[in-house]
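Colleague: Quick one: sequence plus predicted model below, questions after.
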Amino acid sequence: MIQLLNDISLSPISLSEQGKLLQLMKEIYPPVYSHLWMDKGEEYLTDIYSKENLKAEIMNPDVYYYFIQYKKETNGILKVITNENVPGANDNDMVKLQRIYISPALQGKGIGKQLIRWVEDAFCKEHSLPLWLEVMDSQEKAINFYEKQGFVKFNRFKFSSGRMKEEYRGMYRMIKSIN
């Protein structure tokens with residue numbers, strides 16, 4: 001258990017918790033993202049949070065995957081990948097904030113901001129490694145949040161999934177320099 005603040009902590013996700021992970025994501029993902037998908041994201045969630053996929057992710061020594069607890073309740077996930085570079089960037093060493101999902105009921109409470117600060121401190125600051133992420137270009141609220149945290153748009157690309165509605169496949173890669 002990693003204590004960030006009195007009310008926020010992180011707990012590493014283990015393979016035995018795959019069912020808990022899938023159930024959590026079926027609760028917190030659809031209210032914000034189901035409109036992007038032809039099937040409301042069901043197949044995406046089942047694939048991404050399958051036992052096989054989780055095993056491959058947590059076996060990678062560069063992957064750090066956590067449940068987010070707020071007031072001792074599990075309310076989200078955080079996944080960080082070290083040694084993961086932005087396609088098209090010249091930097092060889094970067095850190096990717098791959099997944100940060102928090103229950104919609106808790107958004108706006110400063111949890112995301114604290115998590116990003118922790119990722120910067122834990123993975124980026126010692127070697128001044130840039131932090132980057134990918135965000136849907138239709139998610140203005142998320143883009144504005146990341147810009148407030150110091151991220152800037154680096155490039156655009158299209159998410160390649162036949163299950164996602166064509167008009168929502170646009171994404172930005174955003175980078176934050178860490179000093």
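Modeller: Received the coordinates, thanks.

Colleague: which helices and strands does the helix or strand hosting Thr74 pack with?
Modeller: Assigned by DSSP states H and E, Thr74 falls within strand 73-82. Contact here means 3 or more C-beta pairs under 8 Å, 6 or more residues apart in numbering; DSSP states H and E; on that basis strand 73-82 packs against helix 18-28, strand 63-70, strand 95-102, helix 111-119. All C-beta spots, glycine's among them, are computed from the backbone N, C-alpha and C.

Colleague: Which positions in it come out as buried?
Modeller: Buried residues in strand 73-82, defined by neighbour count with 16 or more other C-beta atoms under 10 Å: 74-82.

Colleague: What of stretch 27-35?
Modeller: 28-30, 32-33.

Colleague: same thing with stretch 123-131?
Modeller: Of all the residues in stretch 123-131, those buried under the rule 16+ other C-beta under 10 Å are 123-124, 129-131.

Colleague: Likewise for stretch 144-157?
Modeller: 145-146, 149, 151, 154.

Colleague: mean confidence score for it?
Modeller: Stretch 144-157 comes out with an average pLDDT of 95.

Colleague: what's next to it, contact-wise?
Modeller: If you take C-beta atoms under 8 Å, 6 or more residues apart in numbering as the criterion, stretch 144-157 is touched by 86-89, 112-113, 116, 131-133, 135, 137, 170-177.
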